[in-house]
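Peer 1: need a 3D model of the sequence below.
(one chain, ligands or ions: 1)
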Amino acid sequence: MPTGPSVYYDESAMRSLVQDGGHRRIVGGLWEEMGSLQLNQLIARGMVPGDRLLDVGCGSLRLGRLACAYLDPGHYWGTDISPDLVETGYQQEILSAGLQNRLPRTNLVIDAEFGFAGLPTSFDFIMAQSVFTHLSLNHMRLCFANLAGHLTGPCKAYFTIFMPVAGVRPAQPSAQKDGVVSWSYKDPFHYEWDDIRHAFRGLPWHLSLIGDWAHPRNQMLVEAVLGNDASRMDHRGPA
Ligand SMILES: C[S@@+](CC[C@H](N)C(=O)[O-])C[C@H]1O[C@@H](n2cnc3c(N)ncnc32)[C@H](O)[C@@H]1O
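Peer 2: Just a heads-up that it's a prediction; the model follows:
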């Protein structure tokens, strides 16, 4: 019986799925490729070691183990719904690599409702990779509304979405890459650009569709900027 929009909401299923290296599979596998793709994208968009990064839906630290080694000690934070994913990721990817001095365990927070309680109020960059592909637009709106209320300074956020592939009606299933099929009404979700703009309506984020960023399963990248430039609230369309 599903307990939420995706398997990540099912705590007992997650407990067994993370066993025996499953913590890498359950976030999508492609461990090295997807970790590097995210870190390199953030660096290409201006992230430097002194910046502070929040990884929303950090999972088992596919990005986290690379980002905490690149950033100054303590400058990486992660949130996730799954205690088992986060704990297994910390044990097997951070402690076993001797990275505990770069990533305090307290920087990893269990947060299922995008509340961000207890986290710093200032981040230079946010990444939410393959998180909203498993969630509704309401979750996306909740996340960015709460972030806008929580953050006190400028911030650049990046998140990924599936979009219906060209020539396929959005209500139909869409064949993405690597055998993934996305849906308008169930996990993994796809969204049109107008759906994303709707989810951000009235929020102080300046949205841009970056699009293809060489994601192996065809997830598209979106930029949302909070700060002086974002106060215009004009949501740009596809670049
Ligand atoms: C496909 S994995 C991606 C993990 C990570 N971003 C990466 O690229 O390795 C999706 C992640 O979103 C998390 N997630 C799903 N629903 C969530 C929610 N409501 N709040 C926080 N995290 C959530 C899952 O637990 C999982 O770690």
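
Peer 1: use CA for all of it now, contacts and neighbours both
Peer 2: Fine.

Peer 1: and for F125, the neighbour number?
Peer 2: Summarising burial for F125: neighbours were counted as other CA atoms under 10 Å, giving 21.

Peer 1: tell me who's in contact with it.
Peer 2: L42, M47, D51, R52, L53, L54, C155, K156, A157, Y158 (CA atoms under 8 Å, 6 or more residues apart in numbering).

Peer 1: and if we set it to 7 Å?
Peer 2: R52, L53, L54, C155, K156, A157 (CA atoms under 7 Å, 6 or more residues apart in numbering).

Peer 1: out of these, which is most surrounded?
Peer 2: Within these, neighbour counts (other CA under 10 Å) peak at L53, which reaches 27 neighbours.

Peer 1: right, and that residue touches T121 too?
Peer 2: No - taking CA atoms under 7 Å as the contact criterion, L53 and T121 are not neighbours in contact, 11.5 Å apart.

Peer 1: OK, contacts around the residue in the chain positioned nearest to the ligand?
Peer 2: Ranking the residues of the chain by distance to the ligand (CA to the nearest ligand atom) places G59 first, at 3.1 Å. Residues in contact with G59, defined by CA under 7 Å, 6+ apart, are V27, D80, L85, V86.

Peer 1: and these as JSON lines, adding secondary structure and neighbour count?
Peer 2: Compiled in JSON lines, the contacts of G59 are given as follows (DSSP: H, G, I helix; E, B strand; the rest coil; neighbours: other CA atoms under 10 Å):
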{"residue": "V27", "secondary structure": "coil", "neighbour count": "20"}
{"residue": "D80", "secondary structure": "strand", "neighbour count": "23"}
{"residue": "L85", "secondary structure": "helix", "neighbour count": "27"}
{"residue": "V86", "secondary structure": "helix", "neighbour count": "25"}
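
Peer 1: what subset of those is also close to the ligand?
Peer 2: V27, D80 (CA under 6 Å from any ligand atom).

Peer 1: of the contacts of G59, which is the nearest to S182?
Peer 2: Proximity of the contacts of G59 to S182 was ranked by CA to CA; the top entry is V27 with 16.3 Å.

Peer 1: which element is L142 on?
Peer 2: Using DSSP states H and E, L142 sits within helix 137-150.

Peer 1: tell me which other helices or strands that helix touches.
Peer 2: In terms of contacts (3 or more CA pairs under 7 Å, 6 or more residues apart in numbering; DSSP states H and E), helix 137-150 is packed against helix 193-199.

Peer 1: those residues of the protein touching the ligand, which are they?
Peer 2: Taking CA under 6 Å from any ligand atom as the criterion, the neighbours of the ligand within the chain are 8, 27-28, 57-59, 62-63, 80-82, 111-114, 128-131.

Peer 1: in strands, which of those residues fall?
Peer 2: Judged by DSSP state E, strands contain the following of those: D80, A128.

Peer 1: can you get me a residue count around M14?
Peer 2: By other CA under 10 Å, neighbour count at M14 equals 19.
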